[in-house]
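1. kindly generate the corresponding structure for this input.
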Amino acid sequence: MVLYGGWKLARRAISALAENTEPCFELILVDNASPDDTLARVEEHVSGATVLRNEANRGFGGASNQGAGQARGRYLCLLNSDALVEPGWLEPLVEALDAPGVGAVVPLYLNDDGSVQEAGSVVDSIGHAHAVGAGGDPNDFAYRFPREVDYGSAACMFVRAGLFQELGGFDEAYSPGYFEDTDLCFRLHERGLRTIFEPRSRVVHIRHGSRTSESARQLMESHRDLFVERWGERLARRPRVIEAAQKPHQMLAARDAEALDRFLVIDDRVPFTDRGSGDPRMAALLSELAALWPSARITLVAESGVDAESYAEPLLRQGIEVVCPPVDWERWFHDRRFHYGHVIVSRQQNAERFAGYLSRTQPQAQRIFDTEALTFQRLERLAEILPPGKARRETRAAAVRTRESEIRAIQEADIVFVVSDEEARFAAEVAPGTPAFVLPGIVEAVPEPPGFDARSDLLFFGGFLAGSASPNEDALSYLVHEVLPLFWEEHPDVSLNVVGADMGDSVRALEGPRVRIVGYVEDPAGWLSRARLHVNPMRYGAGLKQKFLDSLAAGLPFVTTTVGAEGFPLGALRDSLVADDPARLARAIGRLYTDRAEWERAQAHLLELAVTRFDRASFQRTLLEAMTCVGVAPPAYS
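-> Next up is the predicted model:
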């Protein structure tokens with residue numbers, strides 16, 4: 001920490017450091033010939049620090065280098081005397097700096113009133129620096145995802161001590177101040193090292209001194225000339241930012257200028273990872289995009305903002321930008337016109353909802369349609385079980401409209417993501433020239449799941465997000481009223497436990513002596529490991545069902561219908577697990593529940609599927625192949 005006057009603020013900064021940091025650091029104070037009694041005032045407040053006294057002002061860069069030369073730790077934090085660290089500031093910086101290819105890390109800087117001062121900065125083509133997010137709300141998702149930045153202010157810059165020394169520290173040609181931190185970040189970039197903005201670390205930067213004086217302005221301009229002279233070749237490739245406040249698209253272009261791959265992903269909502277409805281799969285798709293292309297800009301647009309705050313944080317931590325209502329979509333897309341290279345639209349209704357915005361603002365982007373599940377099939381199957389009348393007619397009409405819309409989305413896409421071989425065949429029929437890639441969900445098989453004797457009772461597992469229209473609600477009612485009475489004739493002591501989120505009164509009304517309504521559980525693994533059999537006789541629905549993926553990964557055999565088993569290559573096991581009328585379902589449940597050899601055969605086959613068909617490596621291989629098909633370069637592996 002370099003001192004030059006301002007002792008009251010320096011004492012506040014040191015107090016914040018001591019209060020909000022585990023005692024695992026050394027403090028090095030460099031007094032830069034303060035014109036008052038700052039050093040004495042600070043020394044009254046501090047014990048145990050290393051203190052260096054300069055007879056003359058060596059400038060910020062020179063004094064910082066001097067202090068860094070005394071550092072004994074592995075990490076070096078350059079901390080201003082007007083920077084107040086907040087609780088939990090240090091651990092995210094350490095975590096970010098330890099990631100491969102990172103040279104420096106900076107926090108989210110806040111003003112004294114709590115507003116954003118700087119969420120990383122961009123440098124334009126003529127060397128001007130512009131703080132991202134100035135004056136914004138720090139709780140906005142826009143400022144809460146880590147990303148590579150052109151540079152970050154050295155008010156709190158975190159680097160490896162050895163690397164800082166190897167680079168010669170700050171270049172003292174910029175003495176007494178301005179552009180030495182920008183120059184350092186550019187030198188890191190020249191070495192292939194990134195400067196990362198880490199918003200989980202927050203620091204209030206008071207900003208004091210004579211930064212607004214005419215002499216300071218002249219000094220800044222002269223150092224900008226030096227900076228431009230040194231880095232002109234790189235700056236020539238940067239966008240020009242003239243009126244950032246009035247033209248936000250300029251800042252967006254500059255912010256993402258180094259992100260050669262830019263993916264826009266559109267879905268219903270921020271994925272509810274503890275629910276079904278395709279959400280866990282979307283979360284996996286986003287995570288794999290981030291893992292495979294860490295330098296890309298990935299933006300998730302969620303049509304709904306419901307419960308976004310509860311589910312966004314894991315995505316934000318992976319560097320994924322999250323956008324959801326309230327938002328003016330017309331303005332948002334206009335500000336990002338021609339910004340994205342690839343657009344992934346999931347689900348037919350979103351292809352319709354955002355078609356106009358995309359055609360007007362992203363006509364250059366390669367288009368990927370993600371079916372998630374063919375909605376028209378769910379509607380067709382629902383119509384088959386509805387009684388004759390208005391509801392059935394309306395459902396069939398909706399199925400026809402939806403089928404036309406889904407076919408159009410498939411035909412207009414450059415490639416298609418599907419979740420099963422059945423969907424891939426349909427895509428090939430309606431759009432023979434459009435490549436379709438099967439991207440089901442990802443699960444990790446339990447290494448040694450409990451066996452037959454360690455399990456008991458039946459489990460119905462599935463969410464009820466769609467309320468009374470939920471396929472799971474229909475399946476549960478059908479199971480309790482039509483199937484289990486036949487099973488209980490021979491197995492009266494076996495109970496059914498019902499686990500799932502978003503249950504309504506009609507589901508809870510099914511509770512009885514042999515039916516226990518458990519409801520939502522944060523981690524269903526315990527129920528999946530205790531049950532002997534998962535039963536969910538779905539009569540309508542579409543696509544690959546997450547509940548059965550979770551079941552097979554847990555080593556829990558399931559009994560379902562043809563609709564429920566869609567997408568699972570069950571082979572010779574199909575006759576044991578799949579049936580489509582109450583009597584056959586009851587017999588299948590009874591046999592698997594009592595026949596140890598058949599149960600163990602089912603468990604072994606399902607676990608094999610988990611590790612060979614629905615594993616992360618398989619998903620990644622297919623995703624790489626698909627993205628290469630639309631011109632995304634595969635990641636370089638060291």
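
2. switch to C-alpha atoms for all contacts and neighbour counts from now on
-> Noted.

3. quick check on P107: phi, psi?
-> Reported as degrees, to the nearest 10, the phi and psi values for P107 are phi -90, psi -180.

4. that one pairs with what?
-> Taking DSSP bridges as the rule, P107 bridges to E198.

5. my read: it touches T195, true?
-> No: contact criterion CA atoms under 8 Å: P107 and T195 do not qualify, at 10.9 Å.

6. do you have the strands of the stretch 401-550 of the chain handy? List them.
-> Under the criterion DSSP state E, counting those that start in this stretch, the stretch 401-550 of the chain contains strands at 415-418, 436-438, 458-461, 496-499, 515-519, 533-536.

7. what strand or helix carries M251?
-> helix 248-255 (DSSP states H and E).

8. could the strands of the stretch 401-550 of the chain go into CSV alongside distance to R621 and mean neighbour count?
-> Output for the strands of the stretch 401-550 of the chain, formatted as CSV (distance: least, CA to CA, whole Å; neighbours: other CA atoms under 10 Å):
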stretch, distance to R621, mean neighbour count
strand 415-418, 13, 26
strand 436-438, 11, 22
strand 458-461, 30, 24
strand 496-499, 33, 22
strand 515-519, 36, 17
strand 533-536, 30, 26
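
9. would you turn those strands into a markdown table with mean pLDDT and distance to L316?
-> Shown next, in a markdown table, are these (pLDDT from 0 to 100; distance: least, CA to CA, whole Å):
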| stretch | mean pLDDT | distance to L316 |
| --- | --- | --- |
| strand 415-418 | 97 | 24 |
| strand 436-438 | 97 | 26 |
| strand 458-461 | 95 | 29 |
| strand 496-499 | 95 | 29 |
| strand 515-519 | 93 | 29 |
| strand 533-536 | 97 | 34 |
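
10. mind putting those strands into CSV with distance to V102?
-> Formatted as CSV, these follow (distance: least, CA to CA, whole Å):
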stretch, distance to V102
strand 415-418, 33
strand 436-438, 34
strand 458-461, 43
strand 496-499, 43
strand 515-519, 44
strand 533-536, 46
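
11. among the ones you listed, which is nearest P450?
-> strand 533-536 (12.2 Å; CA to CA).

12. how about V322, secondary structure?
-> Secondary structure, DSSP: H, G, I helix; E, B strand; the rest coil: V322 is strand.

13. look up phi and psi at the residue nearest to L27 when sequence neighbours are not counted.
-> Leaving aside its sequence neighbours, L27 sits nearest to A49 (CA to CA, 6 or more residues apart in numbering; 5.1 Å). Dihedral pair for A49: phi -80, psi 150, per degrees, to the nearest 10.

14. A49 and E19, how far apart?
-> Distance of A49 to E19, computed by CA to CA, to the nearest Å: 15 Å.

15. check R360 too.
-> Distance, R360 to E19, using CA to CA: 52 Å.

16. which ones are touching S287?
-> Counting by CA atoms under 8 Å, 6 or more residues apart in numbering, S287 makes contact with L315, Q318.

17. mind listing what's buried along the helix or strand containing it?
-> Using DSSP H and E, S287 falls within helix 279-292. Across helix 279-292, burial judged by 16 or more other CA atoms under 10 Å covers 279-290, 292.

18. out of these, which comes closest to Y4?
-> A290 (42.9 Å).

19. the closest one - nearest residue in space that isn't next to it in sequence?
-> A290 sits nearest to Q318 (CA to CA, 6+ apart), 6.6 Å away.

20. kindly report the same for L292.
-> Here the residue nearest L292, using CA to CA, 6+ apart, is P635, at 6.2 Å.

21. where does the one you found sit, in terms of helix or strand?
-> In the assignment (DSSP H and E), P635 maps to no helix and no strand.

22. quick one: neighbours of it, just the number.
-> Residues lying near P635 (other CA atoms under 10 Å) number 12.

23. phi and psi next, for A588.
-> Main-chain torsions, A588, degrees, to the nearest 10: phi -60, psi -40.

24. hmm, V559 and it touching each other?
-> Yes: using CA under 8 Å, A588 is in contact with V559, at 7.1 Å.

25. give the residues shared as contacts by those two.
-> S576, L577, V578, A579.

26. ok, now which ones touch the most centrally placed residue in the chain?
-> Geometric centre of the chain, nearest residue: L315, 1.8 Å, by CA atoms, centre = their mean. By CA under 8 Å, 6+ apart, L315 lies in contact with A283, L286, S287, E321, V322.

27. and those, which is closest to G61?
-> Nearest to G61 among the contacts of L315, counting by CA to CA, is E321 at 33.9 Å.

28. let me see the contact set for the closest one.
-> Counting by CA under 8 Å, 6+ apart, E321 has contacts F141, A142, F145, R297, I298, T299, L300, L315.

29. residues contacting A501?
-> Listed by CA under 8 Å, 6+ apart, the contact partners of A501 are R275, G462, G463, F464, L465, G519, Y520, V521.

30. in this structure the fifth one contacts D502, no?
-> What it means is L465. Yes: here L465 reaches D502: they are 5.5 Å apart, a contact under CA under 8 Å.

31. between the two, which one's more packed in?
-> Higher neighbour count among L465 and D502: L465, with 19 against 14, using other CA under 10 Å.

32. in three-state terms, label the residue lying closest to T402 once chain neighbours are set aside for me.
-> Among residues not flanking T402 along the chain, F376 sits closest, at 5.3 Å (CA to CA, 6+ apart). F376 carries the three-state label helix when classified by three-state DSSP.

33. pLDDT value on F376, please?
-> F376 is assigned 94 on the pLDDT scale.

34. out of the contacts of L315, which one sits closest to I344?
-> Nearest to I344 among the contacts of L315: L286, at 10.4 Å, using CA to CA.

35. what is the strand or helix carrying I266 packed up against?
-> For I266, the host element (DSSP H and E) is strand 262-267. Here strand 262-267 touches strand 297-302, strand 342-346, going by 3 or more CA pairs under 8 Å, 6 or more residues apart in numbering; DSSP states H and E.

36. pLDDT on that strand, on average?
-> What strand 262-267 shows for mean pLDDT is 97.

37. partner strands of that strand, parallel or antiparallel?
-> Note on strand 262-267: by DSSP bridges, its sheet partners are strand 297-302 (parallel), strand 342-346 (parallel).

38. buried stuff in the very next helix or strand once past the first one?
-> The one in question is strand 297-302. Proceeding N to C from strand 297-302, the next assigned helix or strand is helix 308-317, under DSSP H and E. Neighbour-count burial for helix 308-317, counted by 16+ other CA under 10 Å, picks out A308, Y311, A312, E313, L315, L316, R317.

39. my guess is the third one contacts V323. True?
-> No: between A312 and V323 no contact is recorded; they are 9.7 Å apart, counting by CA under 8 Å.

40. which residues touch L577?
-> Residues near L577 by CA under 8 Å, 6+ apart: F558, V559, T560, A588.

41. narrow those to those in strands?
-> Members of the contacts of L577 lying in strands (criterion: DSSP state E): F558, V559, T560.

42. mind giving me the ChimeraX select for those residues, buried ones only?
-> Entered in ChimeraX, the line below selects the buried ones among those, by 16+ other CA under 10 Å:
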select :558,559,560
